[in-house]
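[1] my questions are about this predicted structure, shown below with the sequence.
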Amino acid sequence: MPNREPEQGTGDGVLLECAGLDKRFGGVLALAEVGFSIDRGEIYGLIGPNGAGKTTLFNALTGIYGCDAGGFSFDGEPLAGLRPDQIAARGIARTFQNIRLFGNLSALDNVMIGRHVRTRAGVFGAILRTRATLEEEAAIEKRALELLDYVGIAARGNDVARQLPYGDQRRLEIARALATGPKLLALDEPAAGMNATETLELKKLLQRVRTDGTTILLIEHDMKLVMGLCDRVLVLDYGRRIAEGAPREVQRDPRVIDAYLGGAA
Amino acid sequence: MRGVNMFAKPQAKWVGVALIAIALIALPFALAAAGTAWVRIANLAILFVFLSLGLNIVVGFAGLLDLGYIAFYAVGAYAYALLASPHFDLHFPFWVILPIGGLVACLFGVLLGAPTLKLRGDYLAIVTLGFGEIVRIFLNNLSQPVNITNGPQGISRIDPFSFGSFSFSDNENFFGLAFSGPIKYYYILLALLLLAIVVNLRLQHSRIGRAWEAIREDEVAARAMGIDTTRIKLLAFAMGASFGGIAGGMFAAIQGFISPESFVLVESIMVLSMVVLGGMGNVWGVVLGAVLLSFVPELLRYTVEPLQKSLFGRSIIEPEVIRMLLFGLALVLMMLYRPAGLLPSAVRKRELAKPDADNA
């Protein structure tokens, strides 16, 4: 329930489509003709050995990098040339592999900042404290508290973000991303550094996020989590798509085994 | 309640506020007893508090280091001077041109902000420093071919604030009390300052204030969370600049004369020092810093020489030298013992805390 934004579409079908995506860094082709599509309500996994281009793909998706060829279309609209904040406004929220919270602010402030893109108050509203502004502020705080509770760190609201335990920082990043009211939640290794119990709780949380109507794109190295959570998985190696499908199928794909175990070509 | 809670009980708080209010109202008469010069010093102190509050938006809230802030003060002052002096023979009332000065400065803020959006830290500081100098040099040289600013001679006989026949520069008697010009200015400056403090506090605890904080903390994350960093940074520059512009207009009216010499780099550094000394990002800290750095040097100016004369029979070190010595010493001590300022904001304190204090 707390996930659904009024503006959220609920139709079936493809939410994110990526076609012919190339990304170069100088002479290195980091992504080569990558294509895939994510359906609404899916948990879509993105795996591959280190350096396969997973985070590059994330950065291209969220507008941090431009693409050299091809690109994304989200909810029927092309994302080419949009800035990160415009992409967030269209409904893609992300977390970072190396956590990037607003470390010196409280957990609550972090989530409240996430509401920025769905709220309107400007300078004059702030100075005059109009009724609309006050109501919006109250709504922002209420929503932020709900989200802290939703990810299970309600008691931590007033704590400074960078002093939270590691697992809680990951949760807080998810809460902050959810605060932007996303249709697609893109998570970059959310279970990295978590112990087994924390990972299990994360799995439950992500399942709940999906049930509440948000599609998830997940980069993860924890294969147990990926296999137990994802509906479909895309495997990248050296920037190329080498397999896609249900986790069980992908696991048996010889090319995937090769990529991970470095088998002789 | 997220502000500074200095008083335990709400009643105690109101008593404190009332006492401060009475002190502020009585202050100019006490100062006038020591000499009208002191009232003028108080007025300039208020202007510096005003300036520091403006710079605090840019440096304290948004974390954008600006070393050319005095340029906005200059723009506001010249806007006022050109529209209310015999120079162009224009005499608009002050309540019209103060906002105009604010708006023009705001425009200059955007002008400075737009090309520097991608810069941070040292690089931004250098560009803003250059901007400050460019504005001053323009003011110095815009006397030819068309005389706009009257060059280094400056503009004199600037109109004082006035409502109809009530002029803020005349001496008058009300209720048996002598209100000199500076005392009357004191009250209007104080009123505008209170307004500025309210604006600053409200901005800080708003959606925009949070966005500034987010940019200061982590710009990449802020953008990924949907904050249009371009717009929000420009907004910080524009808001900060308009404070400077309004303060500049008041300065022009009080002094009655301005020249480019009032807007040199040292002034920018002085305002920045006030913000840093008091505590970047904390409105009350900034107020304290500006008041201290405005009054203490003046106190020294009036005490150091007589003190030396009585001790040694002659003046050994010039007051100006002692001022700078003490100023330097104060800055070094500050950096050692209170790097986040006298009254630091909680967030800034954490930023400057030792990393090992984090391992909770």
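    Great, that's in hand.
[2] quick check, residue B:103 in contact with residue B:249.
    No: here residue B:103 does not reach residue B:249: they are 10.8 Å apart, not a contact under C-beta atoms under 8 Å. Every C-beta, even on glycine, is put in place using the N, C-alpha and C of the backbone.
[3] looking at the two, which is more packed in?
    For residue B:103 and residue B:249, the more surrounded residue by other C-beta atoms under 10 Å in any protein chain shown is residue B:249, and the numbers stand at 31 against 17.
[4] got the contact list for the more buried one?
    Going by C-beta atoms under 8 Å, 6 or more residues apart in numbering or on different chains, residue B:249 touches B:76-77, B:79-80, B:94, B:97-98, B:101-102.
[5] shaky segments in the chain?
    Just going to use chain A. A:1-12, A:263-265 (pLDDT under 70).
[6] ah, I was thinking of chain B
    Checking chain B against pLDDT under 70 turns up B:1-9, B:354-360.
[7] near chain A, which residues of it? Just list them.
    Along chain B, the residues adjacent to chain A under the rule C-beta under 8 Å from any C-beta of the partner chain are B:198-199, B:202-203, B:206-211, B:213-214, B:217-218, B:220-229, B:235, B:239, B:347-348, B:350-351, B:358, B:360.
[8] of those, buried ones?
    The neighbour-count criterion (16 or more other C-beta atoms under 10 Å in any protein chain shown) marks B:199, B:202-203, B:206-211, B:213-214, B:217-218, B:221-229, B:235, B:239, B:347-348, B:350-351 among the residues of chain B next to chain A as buried.
[9] quickly note the distance from the residue in chain A positioned nearest to chain B to residue B:214.
    Proximity to chain B, evaluated over chain A using C-beta to the nearest C-beta, is greatest for residue A:117 at 2.8 Å. Between residue A:117 and residue B:214 the distance is 11 Å, computed by C-beta to C-beta, to the nearest Å.
[10] anything in contact with each of those two?
    Contacts common to residue A:117 and residue B:214, judged by C-beta under 8 Å, 6+ apart, are B:225, B:227.
[11] please identify the helix or strand for the residue nearest the centre of chain B.
    For chain B, the residue whose C-alpha lies nearest the mean C-alpha position (C-alpha atoms, centre = their mean) is residue B:51; its distance is 1.6 Å. Residue B:51 belongs to helix B:36-55 when elements are defined using DSSP states H and E.
[12] tell me the domain ranges of chain A?
    A:1-91+A:183-265, A:104-180 (automatic domain parsing).
[13] which one is residue B:219 nearest to, not counting chain neighbours?
    Leaving aside its sequence neighbours, residue B:219 sits nearest to residue B:229 (C-beta to C-beta, 6 or more residues apart in numbering or on different chains; 5.9 Å).
[14] list the contacts of the one you found.
    By C-beta under 8 Å, 6+ apart, residue B:229 lies in contact with A:85, B:117, B:215, B:219, B:222-223.
[15] now do residue B:88
    By C-beta under 8 Å, 6+ apart, residue B:88 lies in contact with residue B:82.
[16] so what does the nearest residue to residue A:81 once chain neighbours are set aside look like in phi/psi?
    Excluding its sequence neighbours, the residue lying closest to residue A:81 (C-beta to C-beta, 6+ apart) is residue A:66, at 7.6 Å. Dihedral pair for residue A:66: phi -80, psi 160, per degrees, to the nearest 10.
[17] likewise residue B:89?
    The phi/psi pair for residue B:89 (degrees, to the nearest 10) is phi 60, psi 40.
[18] quick check: it vs residue A:262, distance?
    Using C-beta to C-beta, one gets 85 Å for the distance from residue B:89 to residue A:262.
[19] where's residue B:133, which helix or strand?
    Assigned by DSSP H and E, residue B:133 falls within helix B:121-141.
[20] packing partners for that helix?
    helix B:70-83, helix B:94-113, helix B:265-278 (3 or more C-beta pairs under 8 Å, 6 or more residues apart in numbering or on different chains; DSSP states H and E).
[21] which residues are in contact with that helix?
    Outside helix B:121-141, the residues that reach it (C-beta under 8 Å, 6+ apart) are B:64-71, B:74-75, B:78, B:108, B:112, B:115-116, B:119, B:149, B:151-152, B:260, B:263-265, B:268.
[22] looks like residue A:230 contacts residue A:218 (just checking).
    Yes: counting by C-beta under 8 Å, residue A:230 does reach residue A:218; the two are 6.4 Å apart.
[23] anything in contact with each of these two?
    Taking C-beta under 8 Å, 6+ apart as the contact rule, residue A:230 and residue A:218 both touch A:43-45.
[24] who wins for most neighbours among those?
    Result: residue A:45 is most packed of the shared contacts of residue A:230 and residue A:218 (other C-beta under 10 Å), 24 neighbours.
[25] nearest residue to that residue other than its sequence neighbours?
    Leaving aside its sequence neighbours, residue A:45 sits nearest to residue A:230 (C-beta to C-beta, 6+ apart; 3.5 Å).
[26] what is the neighbour count of that neighbour?
    23.
[27] now swap in residue A:56 and tell me
    Other residues close to residue A:56 by other C-beta under 10 Å number 20.
[28] ok so it is a strand residue?
    No: per DSSP: H, G, I helix; E, B strand; the rest coil, residue A:56 lies outside any strand segment and is helix.
[29] measure it to residue B:348 for me?
    In terms of C-beta to C-beta, residue A:56 sits 35 Å off from residue B:348.
[30] ditto for residue A:99
    Going from residue A:99 to residue B:348 by C-beta to C-beta gives 21 Å.
[31] find the closest residue to chain A in chain B.
    residue B:226 (2.8 Å).
[32] am I right that that residue is in a strand?
    No: read with three-state DSSP, residue B:226 is coil and lies in no strand.
[33] what sits closest to it if chain neighbours are left out?
    Counting by C-beta to C-beta, 6+ apart, the residue nearest residue B:226 is residue A:117, at 2.8 Å.
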